[in-house]
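> just a sequence and a predicted model for now, questions to come.
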Amino acid sequence: MELYLSNVNATGRIPESFGHLTSLRKLDLFSCNLSGSIPKPLWNLTNIETLVLAYNHLERPISNFFRFGKLKSLSIGNNNFNGQLEFLSLNTCTQLVELDFSFNSLITGSIPSNEFKYQSLFVVSLKQNQLEGPIPKSFLYQQILHYLFLSQNNLSGQITSTICNRVLMVLDLGSNSLEGTIPLCLGEISILRILDLSNNSLSGTLNTNFSIGNYLGVIKFDRNKLEGKVPQSFINCKYLKVLDLGNNELNDTFPEWLGALPELQLLNLRSNKFYGPIKDSRTDNLFAQIRIIDLSSNGFSGDLPVSLFENFEAMKIIGEKNGTREYVADYYSNFYSNSFIVTTKGLELQFPRVLTTNIIINLSNNKFEGHIPSIIGDLIGLRTLNLSHNCLEGFKRSKLKPSSQGLYVKIVFVKAKTSTPTLTRLFFFALKT
């Protein structure tokens with residue numbers, strides 16, 4: 001017997017009468033606006049295999065759920081459940097395939113360091129709780145674990161090379177307190193699609209080897225302490241849509257060769273130690289699909305690269321197709337959010353998901369000089385252009401084109417260090433007619 005009641009605005013508590021459905025194998029109460037604790041009769045459902053209680057306001061110690069000995073899928077994310085994870089070392093629910101405890105915030109303590117009992121796990125999501133301590137090797141040593149989400153906790157220690165032996169498709173360890181270097185072998189996980197190590201304290205030279213034929217679509221190493229140059233092996237990531245290396249200590253010239261990645265849509269090199277001019281390229285179609293490029297707060301110098309702007313083909317298109325919203329690298333959206341931080345006027349604004357229509361160029365806080373090329377006027381899909389805090393002298397000849405899509409373009413640049421009066425702030429609006 002299966003009972004599906006997802007997205008029913010039931011309100012109140014789970015009915016105790018559900019406890020009489022002892023032959024029930026699946027119960028789906030996703031997003032039903034339920035609250036309170038789990039009624040005691042519900043623990044009589046000893047045949048339950050799939051239990052979905054996510055996106056409610058329920059509360060209860062999480063250890064009670066493992067009274068269900070036949071459980072294969074347990075989804076209780078986005079609630080107020082509490083407790084610790086010591087039950088993970090118990091010899092119960094040995095058939096468990098999916099475990100989702102994300103976004104509870106009240107789950108505390110460490111992940112058990114003794115032998116992990118669930119060798120059937122395919123998906124584990126424990127993100128946005130209050131977990132601490134290291135990631136145990138026994139926890140990582142799952143033969144068929146494909147999706148691992150542990151971000152937004154307070155996990156510490158190092159990322160061991162043990163993790164490279166897995167068949168992972170998603171590794172999300174962002175926003176923790178992990179230290180040490182990034183294992184060289186991470187780029188050799190053959191089917192890995194998302195690699196998110198952002199917002200930790202990882203350090204050392206970034207020299208991970210990304211193997212030929214990999215399937216990586218998202219790489220996020222931003223907000224760490226990484227040094228050195230941008231690894232040339234990134235060029236092997238033919239399916240890469242998002243590369244975020246912002247807020248590190250990388251010291252390199254502009255990696256123009258990244259423009260040869262055919263699907264790259266978001267490139268963030270903000271707040272590093274990049275330097276030198278961005279030379280005009282003789283190669284066509286570099287960065288043809290780019291929608292967001294942030295090179296701000298570095299040491300780039302010289303003229304703005306006209307040929308680079310000419311290649312931004314995706315920025316020359318306006319609007320959403322048929323009114324439907326599309327997002328950049330929107331993989332596994334039930335579990336993973338490909339967020340991006342935009343800095344403006346010293347404030348950080350976070351997009352939880354990045355629309356393909358969020359067209360942004362940020363070259364602020366560098367040492368660019370000369371005129372702003374009129375070719376920028378061809379980028380009619382542009383939403384935000386920030387050229388502030390450089391040594392620019394304004395447009396040679398403006399040809400900004402209005403749009404019928406209600407776009408808002410903000411163009412900001414500072415007064416040049418010359419006697420010639422220049423624009424200090426310009427707002428361009430193209431409103432629906």
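That came in fine, so what should we check first?
> now the most centrally placed residue in the chain: closest residue in space, sequence neighbours ignored.
For the chain, the residue nearest the mean C-alpha position is residue 338 (3.0 Å; CA atoms, centre = their mean). Nearest non-adjacent residue to residue 338, counting by CB to CB, 6 or more residues apart in numbering: residue 329, 5.1 Å away. Backbone N, C-alpha and C define where each C-beta goes, glycine included.
> helix or strand: which one has that neighbour?
Secondary structure assigned from DSSP states H and E places residue 329 in neither a helix nor a strand.
> which residues does it contact?
Applying CB atoms under 8 Å, 6 or more residues apart in numbering, we find residue 329 in contact with 217, 218, 241, 242, 265, 266, 338, 354.
> quick one: neighbours of the fourth one, just the number.
Counted with other CB atoms under 10 Å, the neighbours of residue 242 add up to 24.
> what about it, distance to residue 331?
Per CB to CB, to the nearest Å, residue 242 is found 10 Å from residue 331.
> joint contacts of the two?
By CB under 8 Å, 6+ apart, the residues touching both residue 242 and residue 331 are 217, 218, 338.
> which regions of the stretch 51-200 of the chain lie under the pLDDT threshold?
87-93, 113-118, 138 (pLDDT under 70).
> what about the helices in it?
Under the criterion DSSP state H, counting those that start in this stretch, the stretch 51-200 of the chain contains helices at 137-140.
> how about the strands in it?
Taking DSSP state E, counting those that start in this stretch, the strands of the stretch 51-200 of the chain run over residues 57-58, 73-75, 82-83, 98-100, 106-110, 123-125, 130-133, 147-149, 154-158, 170-172, 177-179, 194-196.
> which one of those strands lies closest to residue 16?
Counting by CB to CB, residue 16 lies closest to strand 57-58 out of the strands of the stretch 51-200 of the chain; the figure is 14.4 Å.
> check contacts around residue 95.
70, 71, 72, 120.
> quick one: the third one and residue 48 touch, right?
This means residue 72. No: here residue 72 does not reach residue 48: they are 9.3 Å apart, not a contact under CB atoms under 8 Å.
> quick one, which of the two is more surrounded?
Each of residue 72 and residue 48 had its neighbours counted (other CB under 10 Å), and the higher figure belongs to residue 48 (25 against 18).
> which SS state does the more buried one fall under?
With DSSP: H, G, I helix; E, B strand; the rest coil as the basis, the three-state label of residue 48 is coil.
> so residue 25 touches residue 46, yeah?
No: proximity of residue 25 to residue 46 does not meet the contact threshold set by CB under 8 Å, at 10.8 Å.
> hmm, back to that, what about the residue nearest to residue 338, distance to residue 353?
9 Å.
> between these two, which contacts overlap?
residue 338.
> shaky segments in the stretch 201-350 of the chain?
319-323.
> same thing but 90
For the stretch 201-350 of the chain, the stretches with pLDDT under 90 are 207-208, 279-285, 305, 307, 317-350.
> now do the helices in it.
Under DSSP H, counting those that start in this stretch, the stretch 201-350 of the chain gives helices at 306-310.
> wait, what's in contact with residue 47?
22, 23, 24, 25, 70.
> write the PyMOL selection for whichever of these are buried.
The buried residues among the contacts of residue 47 can be selected in PyMOL (16 or more other CB atoms under 10 Å) with this line:
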select buried, resi 24+25+70
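> how about TSV for the contacts of residue 47, with secondary structure and distance to residue 13 added?
Output for these, formatted as TSV (DSSP: H, G, I helix; E, B strand; the rest coil; distance: CB to CB, whole Å):
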residue	secondary structure	distance to residue 13
22	coil	20
23	coil	23
24	coil	18
25	coil	23
70	coil	25
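> nearest to residue 287 among the contacts of residue 47?
Nearest member of the contacts of residue 47 to residue 287, counting by CB to CB, is residue 25, at 51.1 Å.
> quick one, what contacts the residue nearest to that closest one when sequence neighbours are not counted?
For residue 25, ignoring the flanking residues on the chain, the nearest one in space by CB to CB, 6+ apart is residue 49 at 4.8 Å. With contact set as CB under 8 Å, 6+ apart, residue 49 has these partners: 25, 26, 70, 71, 72, 73.
> kindly recompute the last result at 10 Å.
By CB atoms under 10 Å, 6 or more residues apart in numbering, the contact list for residue 49 reads 2, 24-27, 68, 70-74, 95-97.
> likewise for residue 12?
32, 33, 34, 35, 36.
> in a markdown table: those, plus distance to residue 299 and secondary structure.
Output for these, formatted as a markdown table (distance: CB to CB, whole Å; DSSP: H, G, I helix; E, B strand; the rest coil):
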| residue | distance to residue 299 | secondary structure |
| --- | --- | --- |
| 32 | 54 | coil |
| 33 | 53 | coil |
| 34 | 54 | strand |
| 35 | 54 | strand |
| 36 | 57 | strand |
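> how about the strands in the stretch 301-433 of the chain?
Under DSSP E, counting those that start in this stretch, the stretch 301-433 of the chain gives strands at 340-344, 347-351, 360-362, 367-372, 384-386, 391-395, 408-412, 426-429.
> could you check how far the fourth one is from the centre of its chain?
A distance of 32 Å separates the centroid of the chain from that of strand 367-372, by CA atoms, centre = their mean, to the nearest Å.
> parallel or antiparallel, which strands does that strand pair with?
strand 299-302 (parallel), strand 391-395 (parallel) (DSSP bridges).
> let me see the mean pLDDT of that strand.
Summarised as a single mean, pLDDT over strand 367-372 is 93.
> on that earlier part again, state the distance from the residue nearest to residue 25 to residue 6.
Using CB to CB, we find residue 49 at a distance of 17 Å from residue 6.
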